[in-house]
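S.K.: pasting the sequence and the predicted model now:
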Amino acid sequence: MKRLLLGIAMLGVAALLWGCPIYGNENRVCQGGGCYSCPDTTYSGACINWSCAQDSDCDSGYVCDQGSCTPGTYYPPDAGDDATADCSITGCPSGYVCKLSNGSAQCVELATGSDAGTGGDSASTGDTGTSTSDASDGSSFGVACNADGDCSGSGSRCVDGRCTAQVGLCSDGTQCIAAGSACVEGLCEARCSTTQPCPSGYGCDFTRGVCNLNPGPCTGSGASSCQGGATCVEGHCVPPCDTAVEGGTSCAAGQVCVNGGCIPDQGATFACANDGDQGQLANTCPSTAICLHHDCYPACDLDASPSSATCSSGTACKDVTIETGVYAVCAAPGTLGSDCDPAQGKSCASGVCINGTCQ
């Protein structure tokens, strides 16, 4: 009996060390930017990163890249090619990128968009042209788009001109690539006020302080439905852009050139994979940070006196609720709300979801 109890205890310790919860029925769920080990057949914050050793450990449309499954399809060399050739030297065909996969540099199909905390180091950068994801569920993640309607897959949206899976949407403004943005219904939007106007083509919702209004909706793409030289991008008439200018784009700071027009950068970036875990178990956060919404936030102690003593200036200790539990982290005012989460399909019964709060 003692040996049995000891064995169970050792299994529990092993699971803790590896950051893997013990599920009675472990499921591999591949969605958006990676594959995850989940307690059931749907993705949630309770899922952790699915580890792989070879491409066959991932679903169709994903390759094993440095121990994690990432979107892509292996590009086999032609009969006349040298199968041992290093693509970091030889390069890859259009639509493929050279990445470290299975311990060697291989050409895999390019799949842009947010990766929800998974990924690996590229051996070199290849062609960054448009490509179609090879997802087996009929989704269009990574495909070029100019409206949400161009994308398929539950909860997917058009983000910076690419179809992005629900799990790749922002949950909070702290994840936004463009500093100072707010996460509005899963997209990063510029802030605004009576003294801070919105980018051209966008209107300010002064009640909520975000640029999510459209003063002149348009359809299609190009300048056909816009006036004054503007071009239609994601339903907004915006200034045209030129990617050939020095520096890569003629758009203002915080904006990106998408489908020939300048729009606010809607994309989010992620730092960790395992929500609810801390340090290395989060894959990967600093030892004093917790992974929430696939990003790292400093842990704090609500019982400290004063509680803000453990947080940096401009932040305070607050409880944040996600699928795996409630966690105390340092957060700036107006961030990390627990009312809603577009990346998890958790919407507001009324109002607009901004930084996790229904407003």
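M.R.: That came through, no problem.

S.K.: C-alpha only now, for contacts and for neighbours.
M.R.: Noted.

S.K.: beta partners for G34?
M.R.: G34 forms beta bridges with Q31, as assigned by DSSP bridges.

S.K.: please renumber so the chain begins at 49
M.R.: Okay, residue one is now 49; in that scheme the one you just asked about reads as G82.

S.K.: my guess is it contacts C112, does it?
M.R.: No - contact criterion CA atoms under 8 Å: G82 and C112 do not qualify, at 9.6 Å.

S.K.: of those two, which one has the most company?
M.R.: C112 (29 against 26; other CA atoms under 10 Å).

S.K.: list the contacts of the more buried one.
M.R.: 100-106, 118, 149-150 (CA atoms under 8 Å, 6 or more residues apart in numbering).

S.K.: hey, what's it bridged with?
M.R.: C117.

S.K.: what sits closest to A101 if chain neighbours are left out?
M.R.: Spatial nearest neighbour of A101, chain neighbours left out: G115 (5.8 Å); criterion: CA to CA, 6 or more residues apart in numbering.

S.K.: what number of residues lie near that neighbour?
M.R.: By other CA under 10 Å, 21 other residues sit near G115.

S.K.: give the residue spans of the stretch 199-348 of the chain that score low on pLDDT.
M.R.: Residue ranges of the stretch 199-348 of the chain with pLDDT under 70: 291-297.

S.K.: can you list residues touching both of G82 and C112?
M.R.: T118.

S.K.: could you chop the chain up by domain?
M.R.: 69-190, 337-406 (automatic domain parsing).

S.K.: pLDDT (mean, whole number) over the longest one?
M.R.: Confidence for domain 69-190, expressed as mean pLDDT, is 59.

S.K.: so for Y375, what's the pLDDT?
M.R.: pLDDT at Y375 comes out at 95.

S.K.: now the helix or strand in which it is found: buried residues?
M.R.: Element membership for Y375 (DSSP states H and E) is strand 373-379. For strand 373-379, burial by neighbour count (16 or more other CA atoms under 10 Å) applies to 375-379.

S.K.: for stretch 241-257, same thing?
M.R.: 246-247, 249-253, 257.

S.K.: what's the first-to-last distance across it?
M.R.: End-to-end distance of stretch 241-257 (CA to CA, to the nearest Å): 6 Å.

S.K.: so which residues make contact with that stretch?
M.R.: 238-240, 258-264, 284-287, 311-312, 407.

S.K.: taking the residues you listed one by one, which sit in strands?
M.R.: 258-261, 284-286, 311-312 (DSSP state E).

S.K.: just the buried residues from the residues you listed, in PyMOL please.
M.R.: Selection of the buried residues among those in PyMOL, burial being defined by 16+ other CA under 10 Å:
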select buried, resi 258+259+260+284+285+286+311+312
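
S.K.: residues in contact with C231?
M.R.: By CA under 8 Å, 6+ apart, the neighbours of C231 are 218-221, 224, 237, 401-404.

S.K.: burial of the nearest residue to L350 once chain neighbours are set aside, as a residue count?
M.R.: Spatially, and ignoring its direct neighbours in sequence, L350 is nearest to C365 (6.1 Å; CA to CA, 6+ apart). Applying other CA under 10 Å, we find 25 residues neighbouring C365.

S.K.: check whether C365 really touches C348, as I assumed.
M.R.: Yes - between C365 and C348 there is a contact under CA under 8 Å: 5.9 Å.

S.K.: which residues are common contacts for these two?
M.R.: 355, 358-359, 376-378.

S.K.: stretch 232-250: end-to-end distance?
M.R.: 14 Å.

S.K.: then stretch 394-407?
M.R.: OK, stretch 394-407 end separation, CA to CA: 14 Å.

S.K.: same question, stretch 345-364
M.R.: Per CA to CA, stretch 345-364 runs 12 Å from first to last residue.

S.K.: same question, stretch 240-256
M.R.: End residues of stretch 240-256 are separated by 9 Å (CA to CA).

S.K.: can I get the buried residues of strand 373-379 in a markdown table including distance to A94?
M.R.: What follows is the buried residues of strand 373-379, written out as a markdown table (distance: CA to CA, whole Å):
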| residue | distance to A94 |
| --- | --- |
| Y375 | 14 |
| A376 | 17 |
| V377 | 18 |
| C378 | 22 |
| A379 | 22 |
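
S.K.: and those, which is closest to C193?
M.R.: The closest of these to C193 turns out to be A379 (CA to CA; 33.9 Å).

S.K.: mind checking how far the closest one is from S85?
M.R.: 28 Å.

S.K.: OK, contacts around G115?
M.R.: By CA under 8 Å, 6+ apart, the neighbours of G115 are 99-101.

S.K.: C236 now?
M.R.: So C236 contacts 218, 221, 224, 226, 229-230, 312-316 (CA under 8 Å, 6+ apart).

S.K.: got it, and R239?
M.R.: With the criterion set at CA under 8 Å, 6+ apart, R239 makes contact with 228-230, 246, 257-259.
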